[in-house]
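Asker: sequence unknown, structure follows:
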């Protein structure tokens with residue numbers, strides 16, 4: 001699943017976020033804690049305390065959009081290092097892995113080539 005075009009920046013907020021927050025609360029977090037503009041077209045990702053819920057906030061040019069996903073099994077891989085209020089940048093490919101519940105930092109290969117062609 002790809003929700004971000006190749007050139008779009010993705011910011012993963014360190015720590016956990018209160019998942020009761022909506023668009024206004026998350027956009028305020030982007031401005032105040034991350035010191036970024038929530039209306040710049042970047043994607044901003046937040047994870048809940050249990051690590052099985054993620055929210056992605058983005059501006060599509062006409063309004064704020066909020067994407068939410070909950071994993072039924074497993075948790076979202078999230079960086080542990082860093083201060084609250086910091087973020088790490090991901091590529092759109094890494095975001096796709098994250099949304100599938102795959103550890104984007106060290107994805108496992110499902111197959112290995114057995115011989116060279």
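Answerer: Received the coordinates, thanks. Treat the numbers as computed from the prediction; the structure is a model and nothing was measured.
Asker: now the helix or strand where residue 24 lies: average pLDDT?
Answerer: Using DSSP states H and E, the element containing residue 24 is helix 23-32. The pLDDT scores in helix 23-32 average 96.
Asker: next one: the closest residue to residue 52 other than its chain neighbours from residue 36, what distance?
Answerer: Nearest residue to residue 52, sequence neighbours excluded (CB to CB, 6 or more residues apart in numbering): residue 71, at 4.7 Å. C-beta coordinates here come from the backbone N, C-alpha and C atoms, glycine included. The spacing between residue 71 and residue 36, counted by CB to CB, to the nearest Å, is 26 Å.
Asker: got it, and residue 98?
Answerer: For residue 98, the distance to residue 36 - CB to CB - is 19 Å.
Asker: neighbour count for these two, which is higher?
Answerer: Set residue 98 next to residue 36 and count neighbours by other CB atoms under 10 Å: residue 98 wins out with 23 against 17.
Asker: so that one lies in a strand, does it not?
Answerer: No: the assignment for residue 98 (DSSP: H, G, I helix; E, B strand; the rest coil) gives helix, which keeps it out of a strand.
Asker: show me what contacts it?
Answerer: Taking CB atoms under 8 Å, 6 or more residues apart in numbering, we find residue 98 in contact with 12, 45, 54, 76-77, 90, 104.
Asker: list just the nearest of these to residue 116.
Answerer: residue 104 (28.4 Å; CB to CB).
Asker: the closest one is in what secondary structure piece?
Answerer: Going by DSSP H and E, residue 104 is not in any helix or strand.
Asker: my guess is it meets residue 77, correct?
Answerer: Yes: at 5.9 Å, residue 104 counts as touching residue 77 under the criterion of CB atoms under 8 Å.
Asker: in contact with the residue nearest to residue 44 when sequence neighbours are not counted, which residues?
Answerer: Distances taken as CB to CB, 6+ apart put residue 57 closest to residue 44, at 4.6 Å, once the chain neighbours are dropped. Residue 57 makes contacts with 23, 26-27, 30, 38, 43-44, 46, 64-67, as judged by CB under 8 Å, 6+ apart.
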